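# Show me the folded form of this:
(2 chains)
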Amino acid sequence: MTEEPPASPDKPASGASDGSPSEAPRGKAAQEPWSKPIGRRTVLSVLGLGALGTLFGSRAQAGITSLLDSVHAGGIASVLPGGGQFTIYTVTSGYPAAPANYRLRVDGLVKRPLSMTVADLQSLPATRLTHDFQCVTGWEVSNVHWVGVRLVDLAERAGVDPAASAFQLTSFDGVYTESLTLAQARESGAIAAYSMLGAPVTREHGGPVRLYVPDMFGYKSIKWLSRIELVAHAEPGYWEQNGYPVNAWISGHAPAQAA
Amino acid sequence: MSTGQVTAEQSRQRVILRFDRVERAVHWVNASLFLILILTGAALYFTPLIALVGRRRLIEQVHLYVGLSLPLPLLLGLAGSWGRSLRRDVSGVNRWTEADMQWLRGLVDTAAGRPQTAVRPRLGKFNAGQKLNAAFVVGGGLVMLGTGALLRWYVPFPLSWRAGATFVHNWLAVAFVVLIVGHITLALADREALRSMFGGRVSRAWAARHAPAWLEESGEP
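The predicted structure follows:
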C-alpha cells in the first residue's frame, strides 16, 4: 500500500473523499466534475429484468414464439429459443435404434405375459389423445396428437395378479427407467404410444413405442419403451433417483376426472 | 514484482501495467468457465448436438457445477491483499464520468452518421463500452445463476416461474454468446490490448491514445 500512487478521486475505498480536489492527483479533478455509480445501476437493472422475466416470461415466450413463426426467420429462428417445440433429450450417448426383433413385453406379476410386435400393439383397441407435453424444466409443446394403447388395458389383457400395485417401465436404451402406480396409470390415462404428431413415433422421440402420461411431467413419458413389468413395489425412475419427485403430476395431484 | 502499480522500472521502459497477475488469472479462469458453460449448454439445448453428445445427466452436472462456481474466481480475486488492483478496477468500472458519457455520445453519433465532435474525451482506464460490458456480465451472470438454480431446484416454485426461468436463461444465453463474440472480435482488432491480457502491459503510447486520464494518474509523464 505504501508504494501506491495517490488514489484517484473516484475511489472511496482508498479513503480519498469524492470531490476534494486537494487530494486528487495531478490536478485533473476539474475535468471530471462528477462520477456516478452507473455500473452498479446497470447490474441492478439487469437483475430486475431477470426477475421480471422469470415471473412473466412464460407469457412473453408465447408472443415471441408466434412472432418467430410469423416472420419465418428460417435458419436463425431454429437456433433461437422459440419455444413451442421439443428439445429432445437422451441420457445415453445418442438416440438408440430399435433392435430388428423389437418386442414390447408385458410381464412380472401377470397371468399371461405378453410379447408384442408394433403390429400386435396396433391391432389392439387404440386410444387417441390430443394433449400438451410439459417438460419439468418449463418448456411445453401444446396440442400434441398421440395414439396408443392404455397401460391399464395392456395390464388387463395380461391378467393382473392381485399383488401387483405398479408398473415398472424399462427403456431399451439400457439406462432409463420409470414407474407408475396402477392408480396413476388409470387416472392419467397413460398410453403406450406408437403414433405421435400424426406419424409413427420417430427414433428420437422414443420410437417405435414410448409412454405418454397426460397431466404428468415429461420425464414420466419414458421413450424407447421395451418392458412393462407389473410389480408389488415400484423403484424410483432414472431422474427420480437423481432428485426429481416420484410424484410427477403437473398440478401436484391427480386431476379431478381421469383424462 | 509488485502488483497493480507502475514501478519506476516500468515507467522507464515506456510500458505500463494494465492488468496484474490476479486480474489476468481471473479473466482466463472466467473465460474457460464460460466456454465450458456455452459448450455444455449447447449440448443440452440443440437437438443435433444432443444426438451427437447425449449423456444428459453427465452434461447437466458439468453445466450445473461449473455454473455454480462461476462467481468464485472473481470473489477470490477480490478477497485478499492480492486483489488490490482488481478492486481498484472494479471501482473504476462502476463509476462513470463526464468523459464516459462523451465517449458514449460519440459512439451514438458515429452510429447515427452524425459528425463527431472534435473533442476527444479524456478517458480513464476503461471506456463506457468496457464498463457496460463488465456490468452486464456481472448482472447477467447473477441472473443466469439464479434462473439456473431455480431450474435445478425447481420443486418449491410454480410452473410459470420455471417457464419464465427457462425463457430468461435461454435468451440471456443468446445475449451472452453475442456479447462474447463481440468481445473477442474487438480484442482481435486491438492486438496490443489483447496482448496485455497475457503479459499485463501496454505501451505508454497505447495508454495515451485509449486511456489518457489513467496514464496521467498512474505515473510519471
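
# tell me, what residue is most central in chain B?
Chain B has B:Ala134 as the residue nearest its centroid, 4.6 Å off, counting by Cα atoms, centre = their mean.

# ok, it to B:His27 distance?
Distance, B:Ala134 to B:His27, using Cβ to Cβ, to the nearest Å: 11 Å. Glycine gets a C-beta too; all of them are placed from N, C-alpha and C.

# Against B:Lys131, how distant is the residue of the stretch 101-250 of chain A found nearest chain B?
Going by Cβ to the nearest Cβ, chain B is nearest to A:Gly138 of the stretch 101-250 of chain A, at 3.7 Å. When distance is defined by Cβ to Cβ, A:Gly138 is 33 Å away from B:Lys131.

# Would you map the helices across the chain?
No chain in the question, so chain A it is. A:38-71, A:75-79, A:118-122, A:151-158, A:182-188, A:238-241 (DSSP state H).

# not what I meant, chain B
Applying DSSP H to chain B gives helices spanning B:8-12, B:21-45, B:47-53, B:56-69, B:71-79, B:84-94, B:98-112, B:128-152, B:159-189, B:191-199, B:204-210, B:212-218.

# Using PDB, write out every CA atom in the last one.
Right, helix B:212-218. Presented in PDB, the C-alpha positions along helix B:212-218 are these (Å, rounded to 0.1, in the frame of the first residue of the first chain):
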ATOM      1  CA  PRO B 212      -5.100   9.300 -21.200                       C
ATOM      2  CA  ALA B 213      -6.500  10.100 -17.800                       C
ATOM      3  CA  TRP B 214      -5.400   6.700 -16.500                       C
ATOM      4  CA  LEU B 215      -1.900   7.200 -17.900                       C
ATOM      5  CA  GLU B 216      -1.700  10.600 -16.300                       C
ATOM      6  CA  GLU B 217      -2.800   9.500 -12.800                       C
ATOM      7  CA  SER B 218      -0.700   6.300 -12.800                       C
END
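
# Does that helix pack against any helices or strands, and if so which?
On a contact count with 3 or more Cβ pairs under 8 Å, 6 or more residues apart in numbering or on different chains; DSSP states H and E, helix B:212-218 meets helix B:204-210.

# Okay, buried residues for the helix it packs on please.
Residues of helix B:204-210 classed as buried: B:204, B:206-207, B:210 (neighbour count, 16 or more other Cβ atoms under 10 Å in any protein chain shown).

# Low-confidence bits of chain A, can you list those?
Within chain A, the ranges that satisfy pLDDT under 70 run A:1-33, A:71-79, A:82-83, A:256-259.

# According to the record, where do the domains of it fall?
Here the domain assignment for chain A is A:38-79, A:104-241, based on automatic domain parsing.

# Can you tell me which of these is most buried?
domain A:104-241 (a mean of 19; mean count of other Cβ atoms under 10 Å in any protein chain shown).

# May I have the distance across it, first residue to last?
One end of domain A:104-241 to the other measures 24 Å (Cα to Cα, to the nearest Å).

# and what of stretch A:156-166?
13 Å.

# same deal with stretch B:113-127?
21 Å.

# if we can go back for a sec, the residue nearest to the centre of chain B touches B:Trp96, doesn't it?
No: if you go by Cβ atoms under 8 Å, B:Ala134 and B:Trp96 don't touch, sitting 11.8 Å apart.

# Mutual contacts of those two, please.
Residues within reach of B:Ala134 and of B:Trp96 at once, by Cβ atoms under 8 Å, 6 or more residues apart in numbering or on different chains, are A:Gly39.

# want to try TSV for the helices of chain B, with mean pLDDT as columns?
Formatted as TSV, these follow (pLDDT from 0 to 100):
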stretch	mean pLDDT
helix B:8-12	57
helix B:21-45	96
helix B:47-53	89
helix B:56-69	96
helix B:71-79	96
helix B:84-94	95
helix B:98-112	89
helix B:128-152	96
helix B:159-189	94
helix B:191-199	96
helix B:204-210	92
helix B:212-218	89
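
# who wins for proximity to A:Tyr238 among the ones you listed?
helix B:56-69 (7.9 Å; Cβ to Cβ).

# which helices and strands does the closest one pack with?
Counting contacts by 3+ Cβ pairs under 8 Å, 6+ apart, helix B:56-69 packs against helix B:21-45, helix B:128-152.

# out of those helices, deepest packed?
Of all the helices and strands packed on helix B:56-69, helix B:128-152 has the most neighbours on average by mean count of other Cβ under 10 Å, namely a mean of 20.

# what ranges do the strands span in the stretch 1-150 of chain A?
Ranges of strands within the stretch 1-150 of chain A are A:35-36, A:104-108, A:114-116, A:127-134, A:140-150, based on DSSP state E, counting those that start in this stretch.

# want to throw those strands into JSON lines with distance to chain B?
Formatted as JSON lines, the strands of the stretch 1-150 of chain A follow (distance: least, Cβ to the nearest Cβ, whole Å):
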{"stretch": "strand A:35-36", "distance to chain B": "4"}
{"stretch": "strand A:104-108", "distance to chain B": "23"}
{"stretch": "strand A:114-116", "distance to chain B": "28"}
{"stretch": "strand A:127-134", "distance to chain B": "8"}
{"stretch": "strand A:140-150", "distance to chain B": "7"}
